[in-house]
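Visitor: Show me the folded form of this:
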Amino acid sequence: MDIGSLLNIVKSIPKEKLRTDAGIKEVIREMARKSGKKLTEQEVNSYAAQFRQMQKTENVGSLLNKLSKKGVTAKDLENIKKRFR
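Guide: All right, here's what the predicted structure looks like:
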């Protein structure tokens with residue numbers, strides 16, 4: 001799945017769903033399904049906990065920095081920035 005497809009999925013998520021634990025888990029399951037993955041309940045809980053922690057500690061700059069360290073190209077980072085403006 002390319003960056004553009006992922007960004008379209010992310011943009012389609014209603015922000016209200018990200019306010020509750022059940023909503024976060026629902027979004028994680030839906031994204032896994034769209035990417036062809038089947039997650040166990042334990043995996044969903046783990047991803048939900050990671051997401052809640054990131055909500056508290058991360059910002060856009062730190063996330064873009066982490067993506068660049070994971071190998072996302074500068075061109076892809078620019079595309080991400082443009083799509084979120």
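Visitor: C-alpha from now on. contacts and neighbour counts both.
Guide: Noted.
Visitor: Which strands or helices does the helix ranked longest in the chain pack on?
Guide: Secondary structure of the chain per DSSP state H: the longest helix is helix 41-57. Applying 3 or more C-alpha pairs under 8 Å, 6 or more residues apart in numbering; DSSP states H and E, we find helix 41-57 packed against helix 21-34.
Visitor: Tell me which other helices or strands the helix it packs on touches.
Guide: Here helix 21-34 touches helix 41-57, going by 3+ C-alpha pairs under 8 Å, 6+ apart.
Visitor: For the helix it packs on, list every residue counted as buried.
Guide: 44-45, 47-48, 51 (16 or more other C-alpha atoms under 10 Å).
Visitor: where does the residue nearest the centre of the chain fall, phi/psi-wise?
Guide: Among the residues of the chain, the one closest to the centroid is V10, at 6.5 Å (C-alpha atoms, centre = their mean). Backbone torsions of V10, given as degrees, to the nearest 10, read phi -60, psi -40.
Visitor: re earlier: chain center to the following helix or strand past the longest helix of the chain: distance?
Guide: The helix or strand immediately downstream of helix 41-57 is helix 60-69, counting by DSSP states H and E. Centroid separation for helix 60-69 versus its chain: 13 Å, with C-alpha atoms, centre = their mean, to the nearest Å.
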